[in-house]
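> have a look at this prediction, sequence included:
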Amino acid sequence: MKRLMAVLPFLLLSCSDQGWSCVQRGDTLFSMSSSGAMGSADKGCSCDEMRSFERRAFGSVDEEALGSDFGC
């Protein structure tokens, strides 16, 4: 049991060390981890990137939704 407790923090650290990048495909914005996993835009995209995407894709920015959904 002590051995597991000593190894567990290292296992958790290695799992959480994924870098996320912002990806735009067509009219979709999302994040992709360095291991290829897809996630929500806020994992890898900045508020400015999300605003810019909304402006290009939809012609306007819903500031209220950005604030409530992503804390921008």
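Sure, I can see it.
> quick one: the helices in the protein?
Assigned by DSSP state H, the chain shows helices spanning 2-15, 47-58, 63-70.
> mean pLDDT lowest where, among those?
Mean pLDDT per stretch puts helix 2-15 lowest among the helices of the chain, at a mean of 41.
> residues in contact with the residue nearest to C22 when sequence neighbours are not counted?
Spatially, and ignoring its direct neighbours in sequence, C22 is nearest to C45 (3.7 Å; CB to CB, 6 or more residues apart in numbering). The C-beta positions use only the backbone N, C-alpha and C, and glycine is treated the same way. Residues near C45 by CB atoms under 8 Å, 6 or more residues apart in numbering: 22, 29, 31, 53.
> rerun at 7 Å
22, 29, 31 (CB atoms under 7 Å, 6 or more residues apart in numbering).
> buried set for stretch 36-51?
Under the neighbour-count criterion of 16 or more other CB atoms under 10 Å, stretch 36-51 has 41-45, 50-51 buried.
> with stretch 23-32 instead?
So for stretch 23-32, counting by 16+ other CB under 10 Å, buried means 29-32.
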